[in-house]
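Visitor: Turn this into a structure:
(2 chains)
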Amino acid sequence: MLSGLMNLLRACFRPGSEGFSRTGSDGGGRQDGLLWYKDSGQHLNGEFSMAVIQANNLLEDQSQIESGSLSSNESGPYGTFIGIYDGHGGPETSRFINDHLFHHLKKFTSEQQSMSVDVIRKALQATEEGFMSVVANQWSMSPQIAAVGSCCLVGVICNGSLYIANLGDSRAVLGRAVRATGEVLAMQLSAEHNASIESIRQELHSSHPDDPNIVVLKHNVWRVRGLIQVSKSIGDVYLKKAEFNREPLYAKFRLRQPFKMPILSSEPSISVHHLQPHDQFIIFASDGLWEHLSNQEAVDIVQNSPRSGSARRLVKAALQEAAKKREMRYSDLKKIDRGVRRHFHDDTTVVVVYLDSNLVSRASTAKFPGISVRGGGISLPHNTLAPCTTPTEISGT
Amino acid sequence: MISSKKIIQMAWKWQKEATNYQRKRILWPKTQENAAKAEGCSVWTKAEKGHFVVYSMDQKRFVLPLQYLKNNIFRELFKMAEEEFGLSSNVPLTLPCEGTLIEYVITLIERNVTKDLEEAVLMFIPTSRCHSSFDHHREPTNQQHLLCSY
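Guide: Next up is the predicted model:
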């Protein structure tokens, strides 16, 4: 508790050189126009680098890295938690996940006294249910909340294992060194749920046999019911519960025929990987990155550049590619205001987590002060506190 | 084979282009036909400094100054594009109207229209789109198709 307080105080009184901070004990990142970045930080199992570029008027991507105890009490287990939440229709769901998922995870880890697939599944389920209650409460005043949702990619490194849970089309890619050649190869760790993938379309058809329009090709993009590209998400309650698919929700979101079974799923794909000594780093990113860079291109960029700033370098590479596709200069792309900027690229979040094999193996018992960093943006939610404006929080610690 | 209708349309476009050139600004769009000819149908020309590129439904390429992104009429056209086509960074940025409408909007911006006229245009645009010869099949499917469409 005391170390937590000291860290908090340290973060509060850090000189302005760190720039605008929204984060917890480890201090924040820097804001440069629509780019937020934290070039380097230390997590329990090594270093990390983080960057976010905003395109939407309100940043819909949210992200966090939490390292230290993964349970509600200090007895552990210890490890690192990474979350990438790519919202759609608005920022409400991704912000909700950022505020609640990790707390649920810690609660279930305490109950079961260990990390497991079941803990992660339960934490995601509790988050989904929590957001559903928010929708139910706000439905009469702001029905549009029912049409807001978010992809959710979670990584947990604990006791030499890496858990990856995913709903939607964010992606985690591992950089693994090949001993014989020294090359670092990209290995995709997450399953994606986007209707552009044929197996996902087949899955949707077999789970909705009575609905020939479950996936529709609209303007060269496959969409579930012609509305949304992802088949799994948190939120999007209007496609999960028929009672929220009616007036006063905007007509364009309402389906003509009522549905009996949920159109979108909230069941995550979860996998467990045993980390090996030659596993170098993991890149977690929203689809804003992956629509411009291949897995191997991203791994090569991280492998061939210094650790500090690697996430920012990936964001830059993606934006350069986006500028090329838009037939314009990268320097001009950077001048475009948020909002209209979304027509040129998506909100993009990147977290590069390096794996120090020594630290990974002895992590569970290590004494680590703990860090908590959230990816930033310039559009603060109404209820976000400016850094350290709550002395009560300190006295209450 | 090019139909006579198409030839007339193209002639009309060229005539209009000539008139626009006389208006001395760079604003006249470089059509894709030009781009395709100049680039041997394979390489994109990057817009000059301070410019971005959009396409019309009839596949005209417009190279426009970045300030246009702040203009309300263009912002409305972008919103309509989002509703019509969704948001994808991997396909050319296409506005859901004919090239002539974009040309008209450019003329208005050049002439520094008053707020009243701007509002009138904003009200007119959605109606005009509904009556334009909107055709799903002409939507650009890939860059090659776009470049080689003539």
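Visitor: Just give me the longest strand of chain A.
Guide: Using DSSP state E, we find that the single longest strand of chain A is strand A:78-88.
Visitor: Could you give the bridge partners of the residue most central in space within chain A?
Guide: Note on chain A: the residue nearest the mean C-alpha position is residue A:84, at 0.7 Å, using Cα atoms, centre = their mean. When assigned by DSSP bridges, residue A:84 has beta-bridge partners residue A:63, residue A:153.
Visitor: Distance of it relative to residue A:334?
Guide: Noted for residue A:84: a distance of 23 Å to residue A:334, by Cβ to Cβ, to the nearest Å. The C-beta positions use only the backbone N, C-alpha and C, and glycine is treated the same way.
Visitor: and chain B, which residues reach chain A?
Guide: Residues of chain B lying close to chain A (Cβ under 8 Å from any Cβ of the partner chain) are B:44-47, B:49-53, B:66, B:69-70, B:75, B:78, B:81-82, B:84-91, B:93, B:136, B:139, B:141.
Visitor: Doesn't residue A:349 belong to a strand?
Guide: Yes. Under DSSP: H, G, I helix; E, B strand; the rest coil, residue A:349 falls within a strand.
Visitor: Strands of the stretch 201-350 of chain A, residue ranges please.
Guide: Using DSSP state E, counting those that start in this stretch, the strands of the stretch 201-350 of chain A run over A:215-218, A:221-224, A:234-235, A:269-274, A:279-285, A:348-354.
Visitor: Direction included, what does the last one pair up with?
Guide: When sheet partners are counted by DSSP bridges, strand A:348-354 sits next to strand A:46-53 (antiparallel), strand A:279-285 (antiparallel).
Visitor: again with the first one
Guide: For strand A:215-218, the paired strands and their directions (DSSP bridges) read strand A:221-224 (antiparallel).
Visitor: Surely the residue nearest to the centre of chain A is in contact with residue A:165?
Guide: No. Applying Cβ atoms under 8 Å as the test, residue A:84 and residue A:165 come out as separate, 11.1 Å apart.
Visitor: what about residue A:306, neighbour count?
Guide: By the criterion of other Cβ atoms under 10 Å in any protein chain shown, residue A:306 has 11 neighbours.
Visitor: Okay, now the unreliable bits of the chain?
Guide: The chain I'm using is chain A. Within chain A, the stretches with pLDDT under 70 are A:1-27, A:359-367, A:377-397.
Visitor: actually chain B
Guide: Along chain B, the model assigns pLDDT under 70 to residues B:1-44, B:113-116, B:120-121, B:123-150.
Visitor: still on that earlier bit, need the strands of the stretch 201-350 of chain A in JSON lines with distance to residue A:76 and mean neighbour count, can you?
Guide: Shown next, in JSON lines, are those (distance: least, Cβ to Cβ, whole Å; neighbours: other Cβ atoms under 10 Å in any protein chain shown):
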{"stretch": "strand A:215-218", "distance to residue A:76": "44", "mean neighbour count": "16"}
{"stretch": "strand A:221-224", "distance to residue A:76": "40", "mean neighbour count": "20"}
{"stretch": "strand A:234-235", "distance to residue A:76": "27", "mean neighbour count": "31"}
{"stretch": "strand A:269-274", "distance to residue A:76": "18", "mean neighbour count": "15"}
{"stretch": "strand A:279-285", "distance to residue A:76": "21", "mean neighbour count": "24"}
{"stretch": "strand A:348-354", "distance to residue A:76": "19", "mean neighbour count": "28"}
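Visitor: Could you export those strands as CSV, including distance to residue A:197?
Guide: Converted to CSV, the strands of the stretch 201-350 of chain A look like this (distance: least, Cβ to Cβ, whole Å):
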stretch, distance to residue A:197
strand A:215-218, 11
strand A:221-224, 9
strand A:234-235, 20
strand A:269-274, 12
strand A:279-285, 17
strand A:348-354, 20
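Visitor: so who does the closest residue to residue A:193 other than its chain neighbours touch?
Guide: Ranked by Cβ to Cβ, 6 or more residues apart in numbering or on different chains and with sequence neighbours excluded, the top spatial neighbour of residue A:193 is residue A:232, at 4.1 Å. By Cβ atoms under 8 Å, 6 or more residues apart in numbering or on different chains, the contact set of residue A:232 is A:166, A:167, A:168, A:193, A:264, A:265, A:266, A:267, A:268, A:269.
Visitor: Likewise for residue A:185?
Guide: Residue A:185 makes contacts with A:175, A:176, A:177, A:178, A:296, A:299, as judged by Cβ under 8 Å, 6+ apart.
Visitor: a helix runs through it, doesn't it?
Guide: No. Counting by three-state DSSP, residue A:185 falls outside a helix, being strand.
Visitor: List the buried residues for stretch A:120-139?
Guide: A:120, A:122-128, A:130-132, A:134-135, A:139 (16 or more other Cβ atoms under 10 Å in any protein chain shown).
Visitor: same thing with stretch A:90-106?
Guide: For stretch A:90-106, the neighbour count (16+ other Cβ under 10 Å) marks A:90-102, A:104-106 as buried.
Visitor: what's the burial count for the residue in the stretch 101-250 of chain A that chain B sits nearest to?
Guide: Going by Cβ to the nearest Cβ, chain B is nearest to residue A:219 of the stretch 101-250 of chain A, at 4.7 Å. When counting by other Cβ under 10 Å, one arrives at 15 neighbours for residue A:219.
Visitor: From what I see, it and residue B:84 are in contact.
Guide: Yes. Counting by Cβ under 8 Å, residue B:84 is a contact partner of residue A:219 at 7.4 Å.
Visitor: Show the end-to-end separation of stretch A:331-348, please.
Guide: Using Cα to Cα, to the nearest Å, one end of stretch A:331-348 lies 18 Å from the other.
Visitor: Phi first, then psi, for residue A:41.
Guide: Backbone torsions of residue A:41, given as degrees, to the nearest 10, read phi -160, psi 170.
Visitor: Whatever residue of the stretch 51-200 of chain A ends up closest to chain B: what secondary structure?
Guide: Going by Cβ to the nearest Cβ, chain B is nearest to residue A:55 of the stretch 51-200 of chain A, at 9.2 Å. The three-state assignment at residue A:55 reads coil, by three-state DSSP.
Visitor: Contact residues of chain A facing chain B?
Guide: Counting by Cβ under 8 Å from any Cβ, chain A sits next to chain B at A:218-221, A:223, A:291-292, A:322, A:324-329, A:331-332, A:335-337, A:340, A:342-346.
Visitor: which element is the closest residue to residue A:370 other than its chain neighbours on?
Guide: For residue A:370, ignoring the flanking residues on the chain, the nearest one in space by Cβ to Cβ, 6+ apart is residue A:68 at 2.9 Å. Following DSSP states H and E, the helix or strand that holds residue A:68 is strand A:61-69.
Visitor: and the angle for that strand with strand A:78-88?
Guide: Angle, strand A:61-69 to strand A:78-88, by axes from the mean of the first three to the mean of the last three Cα atoms, to 10 degrees: 170 degrees.
Visitor: in terms of contact count, name the helices or strands touching strand A:61-69.
Guide: In this structure, strand A:61-69 makes packing contacts with strand A:35-43, strand A:46-53, strand A:78-88, helix A:92-112, strand A:348-354, strand A:371-374, judged by 3 or more Cβ pairs under 8 Å, 6 or more residues apart in numbering or on different chains; DSSP states H and E.
Visitor: Now with 10 Å, please.
Guide: Helices and strands touching strand A:61-69, by 3 or more Cβ pairs under 10 Å, 6 or more residues apart in numbering or on different chains; DSSP states H and E, are strand A:35-43, strand A:46-53, strand A:78-88, helix A:92-112, strand A:152-158, strand A:279-285, strand A:348-354, strand A:371-374.
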